[in-house]
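# I need the structure of the sequence given here:
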Amino acid sequence: MTAASREHYVQCEELLRARDRDLWLACLFAPQDARPHIHALYAFAQETADVSGKVTQPLLGEMRLQWWVDALEADAAQGEGVRANPLADALIDTIERFSLPRSEFVALAQAHIFDLYDDAMPSWTALEDYCRATTSAPIRWAARILGADLQAPSAGAFDEAGVALGLTRILRALPEGPQQEKFLPDEAFTHDGGASGRRSELGPIVRKLHAQARSHYERARRLAVDLGPARAALLPCAIAPLYLERLARSDYDPFRPLGEPSPLRRQWRIWRASRGVGL
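Residues are numbered from 1 along each chain as shown. Sure, this is the predicted structure:
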C-alpha cells in the first residue's frame, strides 16, 4: 500500500464514520489488516446510495453514477486520473488486491438509478434483487476479504442478511415522505383510485415487507452457524432486529418516524453478535 493509498483509505474510514457510525462500529470487529479495505467497500456503497439526495435532477444523478461505472470499467492506462479520487483509489486497489468482481460494483451503481426517478418498484422479486445488488453485495465482498468460501452453502447467509437489512432500511425510510413509497412493490397494490387509494393499502403491504425482512434475517442466522471468522462480515446486519421489533408494535404507524434505539443499545447488539454467529 503506497503512502498516498494509506491516506485515501483513511478518508474512506472518515466518510463511513461520519455517515453511518453503526456500520463503522461493525467494521471494528474485522481483523486490522482487512479493515481499511472493508471501509473502502462501504464508503463506495454509501457514496452511491447518497447520490439521489445530493442532486436536484435525475440526469445529474445519473451522471454521478455513470462516473463510477466508467471508473470501475477503465483499464490501467485510463484509470490514472480516476485514482486521483481518494475513494476510487482505495476501492480499485481493494478490488485488484482481492480479485473482487467489478461487474458487481457496476451493478450496485446502476441499481441506484432507480432512486432518482418516481417509477414504482414493479414486484417483490425486483425489490429483493435491488437489495441484493445494493446491500448484500458489499457484505459478500467483505466476506471474501475475510476469507469466506462464497461457493459453500453457508455463504448464503451473506445474501440473506443483506436482503433483510435492505428491507429494514426501506421500512425505516417510509416516514421520510411519499417518495419512499415507490419502493413498495407495485404488484402488491390492487386499488386503482389514485394515491389516496394506494395509501389505504399500505398497512398490509408494510406488514408483509416486515415479515419478509424477518424471514430473510432468520434464514441468515441459521446459515451463519456454519461460518468461520468471515461471520464478522454479517455484523452490519446485527442491528436490524432492533428496528424490526419496533416495526412489530401494535401502535406502529408507517407515516410516523420510528425513532432510533439508543446508541448504547445498538453498540451492545453489535458486540453481542460478534461473540456469536454475527447476527
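
# Give me the local confidence score for the residue lying closest to residue 168 once chain neighbours are set aside.
Nearest residue to residue 168 in three dimensions, chain neighbours excluded: residue 240, at 4.6 Å (CB to CB, 6 or more residues apart in numbering). Every C-beta, even on glycine, is put in place using the N, C-alpha and C of the backbone. You'll see residue 240 listed with a pLDDT of 95.

# Residue 113 now?
Reported pLDDT for residue 113: 97.

# and what of residue 127?
97.

# can you check residue 200 too?
pLDDT recorded at residue 200 is 71.

# Next: residue 189.
pLDDT recorded at residue 189 is 85.

# Go ahead and confirm it touches residue 201.
Yes. Counting by CB atoms under 8 Å, residue 189 sits close enough to residue 201 to count as a contact (5.6 Å).

# Neighbour count for these two, which is higher?
A direct count of neighbours by other CB atoms under 10 Å for residue 189 and residue 201 places residue 189 higher, at 17 against 14.

# Quick check: the gap between the more buried one and residue 231.
According to CB to CB, to the nearest Å, residue 189 stands 38 Å off from residue 231.

# can you check residue 237 too?
Distance of residue 237 to residue 231, given as CB to CB: 11 Å.

# How far does stretch 223-239 sit from its chain's centre?
Distance, stretch centre to chain centre, for stretch 223-239: 15 Å (CA atoms, centre = their mean, to the nearest Å).

# Could you tell me the end-to-end distance of it?
Taking CA to CA, to the nearest Å, stretch 223-239 runs 18 Å from one end to the other.

# Helix, strand, or coil at residue 147?
At residue 147 the chain is in coil, as set by DSSP: H, G, I helix; E, B strand; the rest coil.

# Run through the residues that contact it.
228-230 (CB atoms under 8 Å, 6 or more residues apart in numbering).

# My read is that residue 141 contacts residue 97, right?
No. In this structure, residue 141 is not within contact of residue 97 by CB under 8 Å, at 11.7 Å.

# okay, the two: which has more neighbours?
Under the criterion of other CB under 10 Å, the comparison of residue 141 against residue 97 puts residue 141 first, with 28 against 11.

# What does the pLDDT read for that one?
pLDDT for residue 141: 97.
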